[in-house]
Every structure is written in C-alpha cells, then in structure tokens.
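Undergrad: Give me coordinates for this.
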Amino acid sequence: MEVEKKATEALESERKASREIKSLKDKIKLVEIEWEKKLETVKAEELKVFRSSNDFLVHKLEFTIESYLKCMVDYRFTVQSLFSNINLSKLDADKDEAVDVEEEVGSSDTKVALVEVAEATS
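TA: Sure, this is the predicted structure:
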C-alpha cells in the first residue's frame, strides 16, 4: 500500500511539473510575441525618423546623381556598341562640365548644397 501511495504521489508530482512546464512555455511564447511586436514598432519608428532626416535625403540625392551619371555612360556605350556608325560627338560638348560634376559629387560643397536643398524642401 505504501509503495502504491508513493507511486501515485510521484505520478501526480510529475503531472503537476509537466503542467507547470507547459504553462511556463506558453508564457515564454507570449512574451516572445510581445517583444517581437515591440521590436517591429521600434524598427518602424526609427526607419520613419531616418527617412525624414536630411542624412537620408542627402544619401538619396547622391545616389540619384551617381546613378544618373553611370546610366548615361552605360547608355552611351550601348548606343555606340549597337550603332557603330552613329556620331555621338555632340554629347562630348559638355564632357568637361560632366567630369567636373562627377568629381564634385563627393565634395563637401556638394554635400552642403544637398543639405540646403533638403532643408528647403522640408
């Protein structure tokens, strides 16, 4: 009898521990879900702040300028490859000016001008 009683108590204790473990696992899942939601909210807020900043606008403008210049070079190369007999010398008329602009993209004066444009548009 006493052995059966101890076995019953042991089984009951094991069931109680299993229920408690399950309960704790459920709580952990709820906390993880809550933290994931908070993290997504914070990410969204920080991204919104960055996108409205002048730094982002400057990066965007610099990227646009660099992309435009690269695209024009690529486009010209493609046109020359496809139409070898076409005369593109008129495009070279502003070549010196284009080089200056390309060199100045990274200069501090250009960055200051970009910030001023960003502030003016805000």
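
Undergrad: Low-confidence regions, this protein specifically.
TA: Per-residue confidence of the chain (counting by pLDDT under 70) places the weak regions at 92-122.

Undergrad: separation between residue 56 and residue 49?
TA: In this structure, residue 56 and residue 49 are separated by 9 Å, where distance is defined by CB to CB, to the nearest Å. Glycine gets a C-beta too; all of them are placed from N, C-alpha and C.

Undergrad: ok, these two, which is more surrounded?
TA: residue 56 (14 against 10; other CB atoms under 10 Å).

Undergrad: Check which helix or strand that one maps to.
TA: helix 54-82 (DSSP states H and E).

Undergrad: who does that helix touch, helix- and strand-wise?
TA: helix 95-104, helix 108-121 (3 or more CB pairs under 8 Å, 6 or more residues apart in numbering; DSSP states H and E).

Undergrad: rerun at 7 Å
TA: Using 3 or more CB pairs under 7 Å, 6 or more residues apart in numbering; DSSP states H and E as the contact criterion, the neighbours of helix 54-82 among helices and strands are helix 108-121.

Undergrad: Please report how far the residue most central in space within the chain lies from residue 80.
TA: Centroid check for the chain by CA atoms, centre = their mean gives residue 47 as the closest residue, at 8.2 Å. With distances taken as CB to CB, residue 47 is found 42 Å from residue 80.

Undergrad: Same question for residue 13.
TA: The span separating residue 13 from residue 80 equals 84 Å under the rule CB to CB.

Undergrad: mind checking how far residue 5 is from residue 16?
TA: With the distance defined as CB to CB, residue 5 ends up 16 Å from residue 16.

Undergrad: Equivalent analysis for residue 62, please.
TA: Distance check for residue 62 against residue 16: by CB to CB, it reads 64 Å.
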